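**Q** generate coordinates for the sequence data below:
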Amino acid sequence: MANILLVFWSGTGNTEIMAEKVKEGMEKAGASVDMRTVDQVDPSEVNNFDKIAFGCPSMGVETLEEDEFEPFFEAVEGSLSGKKVALFGSYGWGEGEWMDAWQERTIASGAKLFEEGFKVNSTPSSEEEERCVEFGEGFAKF
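**A** Sure thing, here's the model as predicted:
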């Protein structure tokens, strides 16, 4: 089973809750998961993984978090071609349009996107936490 890199940024803790649950699902499926916050990952490390899950909430006007996550994602975009990628995150307003733009960028990089980006409005409910686990499990088997 694959070794998966799960890298995320969380401001209020909602995306971190999602990351924990996604990781739980991946491990349930037998995957080995290296879960770290974005400031703990060097962009070059992305080359060591075939599967990467990125977690980032929407910020401001529906953008990725600008100080740490956006520069990191920009740095790894060129290395995603052929890799299996999953996207997830929480949002607080709007319809979560940041995810649509993020999916398009990921597909444009040549990555194989798993399902659609998984998004949760605000704090995940217990039902949404369960869906995070299923999302992680599905990605591990992808």
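**Q** for this protein, which segments count as strands?
**A** Assigned by DSSP state E, the chain shows strands spanning 3-8, 32-37, 51-55, 84-91, 112-113, 118-121.
**Q** output these as CSV; include the columns mean pLDDT, mean neighbour count and distance to Ala75.
**A** For the C-beta atoms, the positions are set from N, CA and C on the backbone; glycine is no exception. Below are the strands of the chain laid out as CSV (pLDDT from 0 to 100; neighbours: other C-beta atoms under 10 Å; distance: least, C-beta to C-beta, whole Å):
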stretch, mean pLDDT, mean neighbour count, distance to Ala75
strand 3-8, 97, 22, 12
strand 32-37, 98, 16, 15
strand 51-55, 98, 26, 12
strand 84-91, 97, 24, 15
strand 112-113, 98, 16, 19
strand 118-121, 96, 21, 23
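**Q** of all those strands, which one comes closest to Glu134?
**A** Ranking these by proximity to Glu134 (C-beta to C-beta) places strand 118-121 first, at 9.5 Å.
**Q** surely Leu5 is in contact with Gln40?
**A** No - when contacts are counted by C-beta atoms under 8 Å, Leu5 is not listed as touching Gln40 (10.9 Å).
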